[in-house]
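Asker: Take this sequence and fold it.
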Amino acid sequence: MDSQLEEWMTAFHFFLTFTHSGLAGADAAGDPEREGVLDAVKAAICANINLFMEMNEEEFAKDLPRFAQAVCNLLLQVSNRPGQDNLAMSAIRFLTTVARSVYSKLFADPNVLKQICESIILPNLRVRDEDEEVFDMNPIEYIRRDIEGGDSDTRRRAAADLVKALTDAFETEVTAMFTGYVTALLQEHAADPVNGWRAKDCAVYLVMAVTVKGKTGERGATTTNRLVNISDFFTQQVLPELQNPQVNERPILKADALKFVTTFRSQLPSETLLALLQPITALLGSEHVVVHSYAATAIERFLALKENGRSKLAVSDVLKVAQQLLTGLFAAFRHADSAENEYLMRAIMRLISFLGAEMAPVAPMCLKALRDMLVEVCKNPKSPGFNHYLFESVAALIKHGVAADRSQLATFEATLFPAFDIVLANDVQEFHPYVFQILAQLIELSNPPLSAPYMAVFPPLLTPVFWERPGSVPALTRLLVAYLAKAGVGIAADGHLEAVLGVFQKLIASKANDQHGFALISGIMQHLPAAAYQQYLSTVWQLLFTRLQTSKTPRFTRGFVVFVSLAICKLGVAAVSSTMDAVQPKIMLMILQQVWVPSLSLVDGPDEDKLVAVAATKCLTESPDIFANRPLWEQLRAALDAKLKGTEVTENADEDGQEDALDAELAGGGYTAAYAKLANASMPERPVLGEIADPKQFAESTLANFLSRVGGGG
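Answerer: Reported below is the predicted structural model:
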């Protein structure tokens with residue numbers, strides 16, 4: 001092994017240091033975007049030794065010094081040509097891995113650190129003409145690289161990672177060194193602000209790389225370099241860029257400033273964040289897509305920021321500038337290339353959610369604007385992120401606007417229904433799951449009886465073509481359950497219940513959709529009188545028993561246990577037993593003994609646990625057949641005790657993981673609009689068995705009364 005390793009390392013080092021004037025000259029004279037043959041070989045070698053360093057650090061130790069020196073020398077020769085980007089990134093990543101290892105002492109010499117910082121890091125942190133071109137010509141790609149973490153394949157990101165690694169290893173020395181470089185860069189900019197903006201851009205990027213030691217998507221920078229004074233840099237260098245009234249001047253520096261305050265939002269006082277909202281709102285007027293997108297992102301992240309579990313900004317304070325924010329955000333959609341800007345729409349969604357009931361006075365106006373956007377985007381949906389936040393914004397307006405003023409419901413319906421008609425009539429499949437969720441949300445806020453427009457929509461929802469699209473199934477199920485809750489009796493009276501049960505039959509037969517089948521049949525049982533569906537129960541049990549016998553899965557078993565529990569709680573043990581026995585005599589006892597009781601431990605969640613506990617108690621105390629079967633009664637009593645004590649352990653976790661993967665695979669095939677759940681249209685919480693406050697107390701008292709009557713022991 002050692003001899004083979006030496007052979008490989010010798011070859012790697014040879015090609016890493018190999019030069020050929022002919023190849024180099026041809027690459028320099030050719031297409032600057034094309035990677036040269038020799039550069040590709042050297043980049044691959046850097047990737048190989050980086051991997052070996054990560055996996056076999058000790059074995060690589062004796063070769064490390066010569067390779068570290070070779071890579072440093074190589075980077076000194078790399079130009080700014082895009083064709084050498086891969087080589088530069090691979091080489092810098094290797095140095096970063098070394099700096100993060102126990103062998104970081106290789107860079108401890110001040111002269112070595114200085115050379116790395118000045119000759120490798122700074123040149124690769126500076127913005128290039130190519131970067132400026134992407135900023136102007138492909139702003140979404142620039143944003144993806146810069147603030148969405150998609151810059152892992154850029155020189156700047158690689159250089160910034162090396163800065164962080166060196167700062168962690170030699171915090172005092174590196175911070176002092178980079179502080180000097182930042183000062184020099186800012187002086188370069190001050191000497192010629194018009195042409196020296198690249199120097200300040202590099203300075204801002206360098207400060208962020210040196211300062212941020214830990215960050216999260218929710219809070220931005222959470223831990224920082226104690227040797228860097230963020231506050232002074234913000235006041236002296238960042239704030240002036242944000243306050244400059246010329247919103248279209250030096251756009252990259254404005255983007256840098258917005259990224260800075262977004263990154264360090266947790267470190268800035270709430271008073272500062274509030275004061276920043278006004279100049280940031282002005283930057284929504286910038287004609288540059290990156291700038292007004294970053295401004296929207298900053299607003300959204302400020303509003304989402306929490307401190308000790310509560311919003312860092314107070315609603316009462318933000319309310320003072322809310323009109324400006326809304327006006328600025330909606331106006332920004334008129335910029336070229338921003339008609340479907342997802343960052344703007346996400347900020348609108350966040351502002352609506354943040355203000356909550358305070359949005360009620362302007363909710364109808366905002367809803368009309370969103371409705372008009374929806375009608376326009378129906379012609380050619382092309383931005384999934386924008387579409388999602390558009391519907392989230394609509395759902396947020398309904399959630400908070402109607403909650404604050406129920407009289408607005410009719411206005412919301414009149415505004416939205418024409419747009420929804422367009423979505424359904426033109427079969428805009430991407431939007432079907434969203435429309436179904438919002439229709440469900442509106443129905444759940446309505447008082448019975450439902451109006452004619454709602455009832456006219458119901459029969460087409462049972463058309464098989466809708467249910468053949470996996471992305472629509474969860475939302476359609478939710479919508480049908482909402483109809484059952486508000487108009488179930490009318491649906492049954494109009495003869496639609498059999499069609500609904502046909503949907504249930506299709507869903508319950510599918511491993512991908514059986515949970516939605518259980519949701520639908522549970523909705524029927526919860527919201528309709530027993531007389532409406534009693535005649536169909538034996539068929540329902542037949543379908544469920546067949547599925548148990550032919551293709552049982554842990555998730556199906558959980559759903560079955562919970563549904564049986566619901567049936568027992570709603571109808572009583574005797575009624576459930578009689579409908580099951582219509583399939584096969586005495587089958588309920590067999591189901592309880594072989595499936596239901598052994599699977600109680602699979603059930604979790606407060607509502608599900610409550611149903612199971614109450615159902616088990618009823619089985620123990622209401623059924624002479626179960627009481628007469630002493631082994632089953634004792635088995636059920638032990639399972640109930642374990643459930644009430646919370647001692648059972650959920651099993652089959654690995655099977656669940658495999659089942660989820662299987663579901664994803666089964667959901668594929670042909671065109672499928674992926675289901676995206678709307679957070680603002682979540683189902684309202686309904687109390688399960690509200691008449692029973694404490695299932696444990698109910699079980700204990702009911703069982704004690706039963707045993708005292710029959711004269712049994714505990």
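
Asker: Where does Thr223 sit: helix, strand or coil?
Answerer: Counting by DSSP: H, G, I helix; E, B strand; the rest coil, the backbone at Thr223 sits in strand.

Asker: Run a quick neighbour tally on it.
Answerer: 12 (other CB atoms under 10 Å). In this view, the C-beta of every residue, glycine as well, is placed from N, C-alpha and C.

Asker: before we move on, what about Leu113?
Answerer: By other CB under 10 Å, 17 other residues sit near Leu113.

Asker: before we move on, what SS does it have?
Answerer: helix.

Asker: Would you enumerate the residues in contact with it?
Answerer: By CB atoms under 8 Å, 6 or more residues apart in numbering, Leu113 lies in contact with 107, 166, 170, 173-174, 177.

Asker: Scan those residues and report the most crowded one.
Answerer: Leu166 (27 neighbours).

Asker: my guess is that one contacts Thr175, does it?
Answerer: No - using CB atoms under 8 Å, Leu166 is not in contact with Thr175, being 9.8 Å away.

Asker: follow-up on the earlier one: possible to save the contacts of Leu113 as CSV with distance to Val362, pLDDT and secondary structure?
Answerer: Listed next are the contacts of Leu113 as CSV, based on distance: CB to CB, whole Å; pLDDT from 0 to 100; DSSP: H, G, I helix; E, B strand; the rest coil:
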residue, distance to Val362, pLDDT, secondary structure
Phe107, 57, 93, helix
Leu166, 51, 94, helix
Phe170, 54, 93, coil
Glu173, 55, 93, helix
Val174, 51, 92, helix
Met177, 52, 93, helix
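
Asker: Please identify which of these is nearest to Lys320.
Answerer: Val174 (43.0 Å; CB to CB).

Asker: OK, contacts around the closest one?
Answerer: Val174 neighbours (CB under 8 Å, 6+ apart): 113, 117, 163, 166-167, 210.

Asker: Equivalent analysis for Asp514, please.
Answerer: Taking CB under 8 Å, 6+ apart as the test, what Asp514 contacts is 507-508, 547, 553, 555-556, 559.

Asker: can you pull the pLDDT of it?
Answerer: Note for Asp514: predicted pLDDT of 95.

Asker: Check Asp63 too.
Answerer: 89.

Asker: Just give the number of residues close to it.
Answerer: Asp63, neighbours per other CB under 10 Å, totals 19.

Asker: What segments of the stretch 301-450 of the chain are strands?
Answerer: Assigned by DSSP state E, counting those that start in this stretch, the strands in the stretch 301-450 of the chain fall at 306-307, 310-311.

Asker: Then the chain?
Answerer: For the chain, the strands defined by DSSP state E occupy 212-216, 220-224, 306-307, 310-311.

Asker: Tell me which of those sits most buried.
Answerer: Per residue and on average, the most neighbours among the strands of the chain fall to strand 220-224, with a mean of 16 (mean count of other CB atoms under 10 Å).

Asker: Lowest-scoring secondary structure element of the chain by mean pLDDT?
Answerer: Among the helices and strands of the chain, helix 653-666 carries the lowest confidence by mean pLDDT, DSSP states H and E, at a mean of 36.

Asker: Alright, that wraps it up for me.
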